[in-house]
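K.L.:
Mind looking at a prediction? Sequence and model below.
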Amino acid sequence: MKISVVGTGYVGLVSGVCLAELGHTVICVDVDTAKVDQINRGDSPIYEQGLDELLQKNLGTRLTATTDLERAVHETELSMIAVGTPFDGRAIDLSFVRQAAEMIGDALKTKSAYHVVVVKSTVIPGTTDSVVTPALENASGKKAGADFGVGMNPEFLREGDAVADFMRPDRIVLGACDSRSHGVMRQLYEPFTSANILSTNSRTAEMIKYTANSLLATLISFSNEIGNLCKKSGEVDVAEVMKGVHLDKRLSPIGENGRRIVPAITTFIEAGCGFGGSCFPKDVKALIAYGQSLGESMSLLDAVIRINREQPGQIIAMLKKHFHSLQGVSVAILGLAFKPETDDMRESPAIPVIHTLVEQGARIHAFDPVARNEAKKLFGDAITYAETLEDALADSSAVAILTRWDAFKRLPRLVQAMHPQPLVIDGRRMLDKKDFDRYEGIGMGERSL
Ligand SMILES: NC(=O)c1ccc[n+]([C@@H]2O[C@H](COP(=O)([O-])OP(=O)(O)OC[C@H]3O[C@@H](n4cnc5c(N)ncnc54)[C@H](O)[C@@H]3O)[C@@H](O)[C@H]2O)c1
Ligand SMILES: O=c1ccn([C@@H]2O[C@H](COP(=O)(O)OP(=O)(O)O[C@H]3O[C@H](CO)[C@@H](O)[C@H](O)[C@H]3O)[C@@H](O)[C@H]2O)c(=O)[nH]1
């Protein structure tokens, strides 16, 4: 199938490259000439495991990039809109989606063959039907359903695992205005014979995406609230508590052989220093705003966001337990991006942690295996940036782990060689307390083993 993907950010580029790998012919379109040129050189503008290899493998044969949206629409059967939908504090900003739809509609004006337009961006329920479809109809002078198809296909990939998630989807949600559009959209994913495909209307597809992210964010804030309580209640460890809770057969069913089926919920229950990234904070806030615009209080999701906003403060509180003042204290911060395997700093818990520590006079030596350049754009000279884990630890009085990078598992050996050992603050509960002289873990009560 011939596909054009409009927007070459995380979602657009990963989708375009992976669809080409599946055998489709893909034209990636972006308004950003520098990005387009970079893609055409075989160099991905984003850091994502395995993406460069697949890009280089398919480039020039099944994959090309361009700024010429009109040509891309004319040469393909389906266009995917994968542009940003930032949250402006009150509602999601649909200007990029609207603009992309108008540009596609303009191109459809001079195209006689049937074309399907699919929204892949995360948009609030009703957007595809009441914003995208009218924009396409007005610009093209044609009628949705009769002259062209429209659909909504939310994306569930995780940054850092985006290629693997796209290539092995656990579900594909297809919303569309009619069965013809549904049929064309199904062809996109024909190679995925074992994925669950849920066909519905666009409004439901839009709601599924927000609900999925809101549930995961809720699980995290729930674990963090319980973790903060465990921390204060003595010999209690949130990791053990969650294990005990999730052995409930209603959460982790038992199969016919008497063994547990893959536990239903084993992830997103890890207490930590909070969730970040370009999706959870934005999507939960957007759903709250949408719900409140319809008269719903959305109080549960409001609490999810409030707990998350306060959670990085746990790192500061643990440090303050050990240092009378943070003035002049040398702190190694490990992990700057919002999670491992990405250089994405958007809404990273490291941002409030570092700003607070700098305000209180601490000296920060920060290390992240891939996010150093992105972090420099945010913190400039206010902190120093280590090249290696060893370099970050040198002369530190405290070490705070903010993301779960595998590389940080070397920490016990490195810390044990230091005299005196720095205080270790484990914001992701990835290390063993027993390996350190002085250790504080999120959600781990004072005297827990
Ligand atoms: N990042 C993720 O992990 C993720 C996962 C699932 C869903 N989403 C959703 O997917 C959407 C895109 O997110 P992203 O992170 O890929 O965004 P992004 O900001 O990384 O990329 C958007 C791209 O669209 C381009 N663009 C804007 N207007 C354009 C136009 N008119 N024509 C062509 N290109 C245009 C921009 O130049 C940019 O390259 C958002 O709605 C987001 O919520 C993101
Ligand atoms: O038990 C956990 C799991 C995650 N996190 C944090 O949650 C955030 C988000 O993590 P993750 O979900 O792995 O990353 P994203 O790339 O933001 O992916 C989410 O957001 C995407 C964009 O909508 C969706 O497509 C994905 O399905 C959804 O998992 C990160 O800051 C993690 O540190 C925790 O604190 N505890």
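P.N.:
Looks like it arrived, so ask away. Numbers count the residues shown, from 1 in each chain. Ligands and ions are numbered 1, 2, ... in the order given.

K.L.:
And the one helix or strand residue 208 maps to, what does it pack against?
P.N.:
Element membership for residue 208 (DSSP states H and E) is helix 202-232. Applying 3 or more Cβ pairs under 8 Å, 6 or more residues apart in numbering; DSSP states H and E, we find helix 202-232 packed against strand 149-152, strand 171-176, helix 238-246, helix 280-293, helix 299-310. C-betas here are computed from N, CA, C, even on glycine.

K.L.:
so which of those comes closest to ligand 2?
P.N.:
Closest to ligand 2 of the helices and strands packed on helix 202-232 is helix 280-293 (Cβ to the nearest ligand atom; 5.4 Å).

K.L.:
show me where this structure has strands.
P.N.:
Taking DSSP state E, the strands of the chain run over residues 2-6, 25-29, 63-66, 78-81, 116-119, 149-152, 171-176, 196-200, 330-334, 363-367, 384-385, 398-401, 423-426, 439-441.

K.L.:
Output those strands as TSV; include the columns mean neighbour count, distance to ligand 2 and mean pLDDT.
P.N.:
Rendered in TSV, the data for those read as follows (neighbours: other Cβ atoms under 10 Å; distance: least, Cβ to the nearest ligand atom, whole Å; pLDDT from 0 to 100):
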stretch	mean neighbour count	distance to ligand 2	mean pLDDT
strand 2-6	24	16	98
strand 25-29	25	19	98
strand 63-66	22	22	98
strand 78-81	28	15	98
strand 116-119	27	14	98
strand 149-152	27	14	98
strand 171-176	22	10	97
strand 196-200	14	15	96
strand 330-334	25	13	98
strand 363-367	22	17	98
strand 384-385	16	21	98
strand 398-401	26	11	98
strand 423-426	26	13	98
strand 439-441	23	14	96
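
K.L.:
Determine which of those strands approaches residue 53 most closely.
P.N.:
strand 63-66 (12.7 Å; Cβ to Cβ).

K.L.:
just to revisit the earlier point, among the helices and strands packed on helix 202-232, which is the most enclosed?
P.N.:
The highest mean neighbour count among the helices and strands packed on helix 202-232, using mean count of other Cβ atoms under 10 Å, belongs to strand 149-152: a mean of 27.

K.L.:
number of nearby residues for the closest residue to residue 99 other than its chain neighbours?
P.N.:
The shortest distance from residue 99 to any non-neighbouring residue, by Cβ to Cβ, 6 or more residues apart in numbering, is to residue 83 (7.8 Å). Neighbourhood size, residue 83 [other Cβ atoms under 10 Å]: 25.

K.L.:
so residue 83 makes contact with residue 6?
P.N.:
Yes - using Cβ atoms under 8 Å, residue 83 is in contact with residue 6, at 6.4 Å.

K.L.:
related to what we said a few turns ago, pipe the strands of the chain into a markdown table and attach distance to residue 341 per row.
P.N.:
As requested, the strands of the chain are exported to a markdown table (distance: least, Cβ to Cβ, whole Å):
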| stretch | distance to residue 341 |
| --- | --- |
| strand 2-6 | 23 |
| strand 25-29 | 23 |
| strand 63-66 | 23 |
| strand 78-81 | 25 |
| strand 116-119 | 27 |
| strand 149-152 | 28 |
| strand 171-176 | 23 |
| strand 196-200 | 26 |
| strand 330-334 | 14 |
| strand 363-367 | 15 |
| strand 384-385 | 19 |
| strand 398-401 | 15 |
| strand 423-426 | 19 |
| strand 439-441 | 22 |
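
K.L.:
picking up where we left off before, what do residue 83 and residue 6 both touch?
P.N.:
Here residue 83 and residue 6 have 12, 100 as joint contacts, going by Cβ atoms under 8 Å, 6 or more residues apart in numbering.
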